[in-house]
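Q: give me coordinates for this.
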Amino acid sequence: MASSAERFDMVVIGSGPAGEKAATQAAYFGKRVAIVERRATPGGIAVSDAGIPTKTLRETAVYLTGFRHREIYGIGLALDARLKLERLLGRTGEVRTLMTGVVQANLERMGVEFVHGVGRLTSTSTSTGRHRVLVTTETGERTLLADVVLLAPGSRPFHPPNIPFDDAAVTDSEGILGLSRLPGNLVVVGGGAVGCEYASIFRALGVEVTLLEAAPHLLGFVDVEISDLLAETFRAQGTRVMLGCGVATIERAARALEVRLASGETLTPDHVLWAGGRVGNLEGLGLADAGVAVDAKGRIQVDGDYQTSVPGIFAAGDVIGPPALASVSMEQGRVAACHAFGIPFKDVVDPLAPFGVYSVPEVAMVGVTEAAARAAGIDVEVGRGRFARNTRARIAGATEGLIKLVFRRSDRVLLGVHILGDIASELVHLGQLLVSAGRPIDYFIHATFNVPTYSEAYKYAAYDGLQRLAQPVAP
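A: Numbering: from 1, shown residues only. As a prediction, this is how the structure comes out:
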């Protein structure tokens, strides 16, 4: 077997955000790299089943229906359900194909060899210390030897055993993209990022949506004020939002699908979307044989260099745990590759990465929430710039939401930025720069913003914060 083995400097298992960027980073610095992917095309779920397809679905739904501008202009594009779905999935498919091509072209440009097959670690290394990856392909097996192996197989939707996914009307966040028709009534179980995104997308398409969340707030990781305002906005759009609401059972009774809640209420939707989290794709990787340690939650353990318990084997992306964001996974892959080969280029992942939720409207944040800062004993104040008072937002008819600044009272240093609004995922980066640099909110006061712009809301949030500073602190 050893004589027929193919030798590389690095073998990457998984071609999603972490795997692709790790492979191309190493190749950029002259390493011979192979990337193993079980799908026929590269990119992982970020390109094929989630991430980019979800965001495309959102933009297409909003555009096709005139959802943002119905109230301000009094008109919307009325398409029948069949045509909506046809246009929706057609555009999503176009972007999926385009972005798959972009990833493939990037690998080819950097000279990374794409290996279509299922890769796993074996129990032994060669006498030279190289790690062995056995790849099962459609035509047989290939053995790849490498000084460095990076594990980035991604994740998949979590399937609790009591949820009847064998029913065609019960799907997860990936299966929902394969709908053959729009449901008249949809129940979304899970108020995390995926649940909020799909609930708002389908509401924009005219579907009656009920969003169920067991916790007292949507998006448990965001600022509570932003979360509560998002729930209010969803309700104003016609979505039924039920918080603190556990699901007892989902089953088909006679011909109807029934969702029984812990409260005793029964819902009878046309379709159920289960958005209850994701789990890493660890099965079949040969982790135990290779001696790679996994924690109690089923996540690959890594050190600060993203190296596992086995020297020369690294891991990045969803399989090492939160935050499980494509943006962060990309950086983890790049940093892991640099550490693996001692490349003095990228040695750390940004500790203040922004979060973005592509619901309608969007949610974004960076830094600490108001509650977290106060719990840590930091004396903070906040400032709010509401889009209802922003000229650009009023012109666009996107007046829901605000920019909220969390800053330290003593020196006005910005600690967190929390946004609910039309382009929150874009706007958050301006705040990210100041949080990372430890700059005070005075910057926004002194800076000149184009008028009218959404960004101008930062200035008025800073003014609001300074005015609040001047007020007496409640005992």
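
Q: I'd guess Glu381 is in a strand, am I close?
A: Yes: counting by DSSP: H, G, I helix; E, B strand; the rest coil, Glu381 is part of a strand.

Q: can you tell me who it pairs with across the strands?
A: With DSSP bridges as the criterion, Glu381 is bridged to Phe407.

Q: ditto for Val413
A: Under the criterion used (DSSP bridges), Val413 bridges to Pro440.

Q: let's have the chain start at 57 instead
A: Yes, from this point I'll number from 57; that puts the last item at Val469.

Q: wait, isn't it in contact with Tyr499?
A: No: with contact defined as Cβ atoms under 8 Å, Val469 does not reach Tyr499; the gap is 10.5 Å. Every C-beta, even on glycine, is put in place using the N, C-alpha and C of the backbone.

Q: list the buried residues of the longest strand along the chain.
A: Secondary structure of the chain per DSSP state E: the longest strand is strand 196-207. With burial defined by 16 or more other Cβ atoms under 10 Å, the residues of strand 196-207 counted as buried are 198-207.

Q: gap between the next helix-or-strand element following it and the chain center?
A: Using DSSP states H and E, the helix or strand that follows strand 196-207 in sequence is strand 211-213. Taking Cα atoms, centre = their mean, to the nearest Å, the mean C-alpha location of strand 211-213 is offset from the chain mean by 12 Å.

Q: mind giving me the packing neighbours of the helix or strand that strand 211-213 is followed by?
A: From strand 211-213 onward toward the C-terminus, using DSSP H and E, the following helix or strand is strand 226-227. Counting contacts by 3 or more Cβ pairs under 8 Å, 6 or more residues apart in numbering; DSSP states H and E, strand 226-227 packs against strand 327-330.

Q: the next helix or strand after the strand it packs on packs against which elements?
A: Following strand 327-330 in sequence order, the next helix or strand is strand 334-336 (DSSP H and E). Secondary-structure packing of strand 334-336 (3+ Cβ pairs under 8 Å, 6+ apart): strand 211-213.

Q: bridging residues for Ile475?
A: Where Ile475 sits in a bridge, its partners, by DSSP bridges, are Ala420, Ile459.

Q: list the contacts for it?
A: 282, 418-421, 457-460, 483-484, 487 (Cβ atoms under 8 Å, 6 or more residues apart in numbering).

Q: so where's the protein uncertain?
A: 57-59, 100-111, 113, 116-117, 119-149, 151-152, 179-184, 528-531 (pLDDT under 70).

Q: recalculate using a threshold of 80.
A: 57-59, 98-156, 179-185, 233, 236, 528-531 (pLDDT under 80).

Q: could you pull out the helices for the stretch 357-506 of the chain?
A: 382-397, 426-431, 447-452, 480-493, 498-502 (DSSP state H, counting those that start in this stretch).

Q: tilt between the first one and strand 196-207?
A: When you say that, I think you mean helix 382-397. 100 degrees (axes from the mean of the first three to the mean of the last three Cα atoms, to 10 degrees).

Q: and helix 382-397, what's buried?
A: 382, 384-397.

Q: now do the last one
A: Buried residues in helix 498-502, defined by neighbour count with 16+ other Cβ under 10 Å: 498-500.

Q: repeat for stretch 493-509
A: Going by 16+ other Cβ under 10 Å, stretch 493-509 has these buried residues: 497-500.
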